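Peer 1: Any chance you can model this:
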Amino acid sequence: MHRALCPVESLYVGQRSRAVLSCSLRGRVDVEALSAAFDAMTRENPTLRSRIVEEGSGYVLRLLDEDERPRLVTRTGDEDEAYAAELNNPLPVGGPLSRAVLVSAPDGRSHLFVLVVDHTVTDGHSSIALHNALWARYRALVDGEHGIEASGSDMPRWPRPVSLLLPAADDADTAKYLDGRVEETRRHSVELVPYDVRRASATGQAADEGAPVDGHIEVCRLTLDTGLTTRLRRTARSRGVSVHALIAATLLATARRRLDGDGPRTLGCLSPVDLRSRLSPPLPASDMVPAVTTHLQTLDVSETSDPLDLARTVHARLSDFIARGDHFHEMRITPEIPRNPRLQLATVIVTNMGVVPGPRLPSGLEAVDVRLAPAREHYFPQAGRSPVMACVVSFEGRLAIEFPHYTACFSQSFMQAFRDDVHGGLLDLVSATETEPAPAAAG
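Peer 2: Sure, this is the predicted structure:
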């Protein structure tokens, strides 16, 4: 049994990116029930128990044999070490497209659950929905609820690619849109943040281009408590912009301070755009497919640029992009990206997952922390510079920004300083709004 990947999905095969969802737990975990819950998820979602196979000029998803399908992995260990290990553990082409791991402390009272899914078959919304559905199944099993037996038949229900669900469009209009986007990238070449890690050979000289790279993935994290998260949302509302725009503007200003020279520099901001709610009919988050496109905008940013002005620009341009329906055009031209990589080349990449629920657990088990971060296999230290990635999501009213990076490109100290500057910038935006005098009453 197999299902062909559409051209958009096939792009993720080469990128080897994956969603890494983790949940820190306190209390007792019924391993047998959790294993059964994960088995139920892979049974109901055939993409999770598939492998990627090259076929002809494209790729297909092919079901794994029963003895090859992913099963829950359990072990004892340290939570931080376990997270770092899973973050750097790939999902190779030809193997399962999902992995579930439970790492428990020696006393059995604290645990880290990690769910990893290949981006070829998921996006942020569907991976969160899967994570929550898995724990809902676990809760039902532990609580002894009835009617939760295996559903469906042996015939897999493959989800349709989002590229086949887009509204009809004229090929000439799509070609015109592509020409305009390519021309725009030619006229506005963006600058990237230079790496702070210098590659050196054993002799102390610059390393050869083909020299092996010693690095690993780390995630530098910025978290806001519920109070500061609420204040940030209040600031966005009072300024007539989104929280996403405030964060993007702060990231752009922070990136500009990492570039040499005075005066304005052309920076790019790439915002993923969810398509699920914008399709007709809407696509449920439970459908395991990547249902996201992107919006790239360029801005002239100087060291004296007002972050609020940047936020207004980011917000207005993204809103206009969606209002015009260009998000559908952007999805249609995605297969052109390998030939025109500048179509997605940005200084900062800022996701906007919004406010999402955490898992609902049975009595006696508590979710202390939930995280979502992207990871991938291919990093290019020899390039000397790259975009800075920021994954933004609010679980249970607490906003977090995850900064995944490769240590052969950006050092831990560099990313920590970048994170701290973003934190300070967001605090400045909130404080400036709250200290402004209220407008005088009319009359």
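Peer 1: Show me the shaky parts of the stretch 201-350 of the chain.
Peer 2: Residues of the stretch 201-350 of the chain that meet the criterion pLDDT under 70 lie in 201-213.
Peer 1: now the helices: where do they sit in it?
Peer 2: Using DSSP state H, counting those that start in this stretch, the helices of the stretch 201-350 of the chain run over residues 226-239, 243-256, 307-323, 326-332.
Peer 1: same for the last one, what does it pack against?
Peer 2: It refers to helix 326-332. Helix 326-332 sits against helix 171-187, strand 292-301, with contacts defined as 3 or more Cβ pairs under 8 Å, 6 or more residues apart in numbering; DSSP states H and E. (Each C-beta comes from the backbone N, C-alpha and C, glycine too.)
Peer 1: Count the residues that sit near P92.
Peer 2: When neighbours are defined as other Cβ atoms under 10 Å, P92 has 12 of them.
Peer 1: tell me the pLDDT at it?
Peer 2: Here, the pLDDT recorded for P92 equals 91.
Peer 1: Surely it is within a helix?
Peer 2: No: counting by DSSP: H, G, I helix; E, B strand; the rest coil, P92 is located in no helix; its state is coil.
Peer 1: Give the rounded mean pLDDT of the lengthiest helix in the chain.
Peer 2: When the chain is parsed with DSSP state H, its longest helix is helix 412-435. The pLDDT scores in helix 412-435 average 95.
Peer 1: try stretch 378-393
Peer 2: In this model, stretch 378-393 carries a mean pLDDT of 95.
Peer 1: Just the terminal-to-terminal distance for it.
Peer 2: This stretch, stretch 378-393, spans 24 Å end to end (Cα to Cα, to the nearest Å).
Peer 1: Could you pull out the buried residues of it?
Peer 2: Buried residues in stretch 378-393, counting neighbours by 16 or more other Cβ atoms under 10 Å, are found at Y379, P381, S386, P387, V388, M389, A390, C391, V392, V393.
Peer 1: which one of these is nearest L134?
Peer 2: Lowest distance from L134 to the buried residues of stretch 378-393 (Cβ to Cβ) belongs to V393, with 17.7 Å.
Peer 1: for that closest one, phi and psi?
Peer 2: V393 adopts backbone torsions of phi -160, psi 150, taken as degrees, to the nearest 10.
Peer 1: sorry, back to before: buried deepest among the helices and strands packed on helix 326-332, which one?
Peer 2: Mean neighbours per residue, mean count of other Cβ atoms under 10 Å, is largest over the helices and strands packed on helix 326-332 for strand 292-301, with a mean of 21.
Peer 1: Pull the distance from it to the chain's centre.
Peer 2: Chain-centre distance of strand 292-301: 16 Å, with Cα atoms, centre = their mean, to the nearest Å.
Peer 1: Tell me which of the helices and strands packed on helix 326-332 lies nearest to R157.
Peer 2: Closest to R157 of those, according to Cβ to Cβ: strand 292-301, at 21.7 Å.
Peer 1: Next, the angle helix 171-187 makes with that closest one.
Peer 2: 30 degrees (axes from the mean of the first three to the mean of the last three Cα atoms, to 10 degrees).
Peer 1: Keeping just the C-alphas, turn strand 292-301 into PDB.
Peer 2: Extracted in PDB, the C-alpha atoms of strand 292-301 (Å, rounded to 0.1, in the frame of the first residue of the first chain):
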ATOM      1  CA  VAL A 292       1.500  25.500   5.500                       C
ATOM      2  CA  THR A 293       2.800  28.100   3.000                       C
ATOM      3  CA  THR A 294       5.000  31.100   3.600                       C
ATOM      4  CA  HIS A 295       5.000  34.900   3.300                       C
ATOM      5  CA  LEU A 296       8.400  36.700   2.700                       C
ATOM      6  CA  GLN A 297       8.700  40.400   3.100                       C
ATOM      7  CA  THR A 298      11.700  42.600   3.000                       C
ATOM      8  CA  LEU A 299      12.200  45.700   5.100                       C
ATOM      9  CA  ASP A 300      14.900  48.400   5.400                       C
ATOM     10  CA  VAL A 301      16.000  48.200   9.000                       C
END
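Peer 1: which other residues reach that strand?
Peer 2: Outside strand 292-301, the residues that touch it by Cβ atoms under 8 Å, 6 or more residues apart in numbering are 123-124, 184, 188, 190, 252-253, 255-256, 264-275, 310, 313-314, 317-318, 321-322, 326-328, 330-331, 334, 343-346.
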